[in-house]
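Asker: Predicted model and sequence below, questions to follow.
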Amino acid sequence: MKRRSCEVTDPEAIEKILSKATIGRLATTDLEGYPYITPVNFVSHNGNIYFHCALTGEKLDNITRNAKVGFQVDIPLAYLDSQFSDDGSPCKLHQFYHCVVMRGTARLVDEMQLKLDALNALVEKHEKGRSLKKVHQDMPDYKTCAVVEIRPEKISAKSDLAQGKPENVRAELSEYFRKRGWPRDLETIQEMGMDPDSNLD
């Protein structure tokens, strides 16, 4: 990784990113050897990634032929626009973010209890505890969906939060985001470890 200051190695921090992200991108290999990328709702559960899909389809065909897959998630944070720099240079434009990239092997889950556990974990994540009903094997939709498990073999993660910048620059960024008030600005200040209520005035 070129920018070591952005590297995330703490398993809990990586899990936090995976828990907050709602969409992941699955990369499989198609018949012609090209990457086939599909966005999926997913959940990180007991160290593996799970998602559900139809019983048939190109990504399942690809996994059957070649179980090696890639998986990526990202959480976009604040976008630093040209108004922050004195000269308005487009070279100063910047996107803050979290991301996780992994390689691993995928398989169709055929164990009933694991499939149920994965589906219920998926529902709980995306419903945030609002759903009172549990998925069970007698539900018609349970029988018409597949669950895929990805076992990670290599994981890398990054968080770009201006870690490599001097503290005075980070404080200026925090103040700029606080005053600007765009979507994700407050979240970015908090992720930077700065006080969203402080100001430089």
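Answerer: That came in fine, so what should we check first? Worth saying up front: this structure is predicted, and the values here are computed from it rather than measured.

Asker: burial of the nearest residue to residue 47 once chain neighbours are set aside, as a residue count?
Answerer: Nearest non-adjacent residue to residue 47, counting by C-beta to C-beta, 6 or more residues apart in numbering: residue 152, 7.5 Å away. Yep, even glycine has a C-beta here, placed from its N, CA and C like the rest. By the measure other C-beta atoms under 10 Å, the count of residues near residue 152 is 17.

Asker: Next secondary structure after the helix or strand encompassing residue 152?
Answerer: Residue 152 belongs to strand 145-160 when assigned by DSSP states H and E. As assigned by DSSP H and E, the chain's next helix or strand after strand 145-160 is helix 167-180.

Asker: what residues does that next one touch?
Answerer: Helix 167-180 is touched from outside by 78, 80, 84, 162, 165, 185-186, 188-189, 192, 194-196, 198-200, with contacts defined as C-beta atoms under 8 Å, 6 or more residues apart in numbering.

Asker: got the buried residues for that helix?
Answerer: 170, 171, 173, 174, 175, 176, 177, 178 (16 or more other C-beta atoms under 10 Å).

Asker: Need these in a markdown table (columns: distance to residue 43 and pLDDT).
Answerer: Formatted as a markdown table, these follow (distance: C-beta to C-beta, whole Å; pLDDT from 0 to 100):
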| residue | distance to residue 43 | pLDDT |
| --- | --- | --- |
| 170 | 33 | 95 |
| 171 | 37 | 94 |
| 173 | 33 | 96 |
| 174 | 32 | 96 |
| 175 | 37 | 95 |
| 176 | 35 | 96 |
| 177 | 30 | 97 |
| 178 | 33 | 95 |
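
Asker: mean confidence for stretch 155-162?
Answerer: Stretch 155-162 shows a mean pLDDT of 97.

Asker: What residues sit buried inside it?
Answerer: Quick answer for stretch 155-162 (16+ other C-beta under 10 Å): 155, 157, 158, 159, 160, 161, 162.

Asker: Put the alpha carbons of it into CSV.
Answerer: Taking Å, rounded to 0.1, in the frame of the first residue of the first chain, the C-alpha atoms of stretch 155-162 are listed here in CSV:
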residue,chain,number,x,y,z
ILE,A,155,-7.9,-8.3,3.4
SER,A,156,-6.7,-4.8,3.0
ALA,A,157,-8.4,-1.7,4.3
LYS,A,158,-7.9,2.1,4.1
SER,A,159,-9.4,5.2,5.7
ASP,A,160,-8.5,8.5,4.2
LEU,A,161,-9.1,11.0,7.0
ALA,A,162,-6.2,13.4,6.4
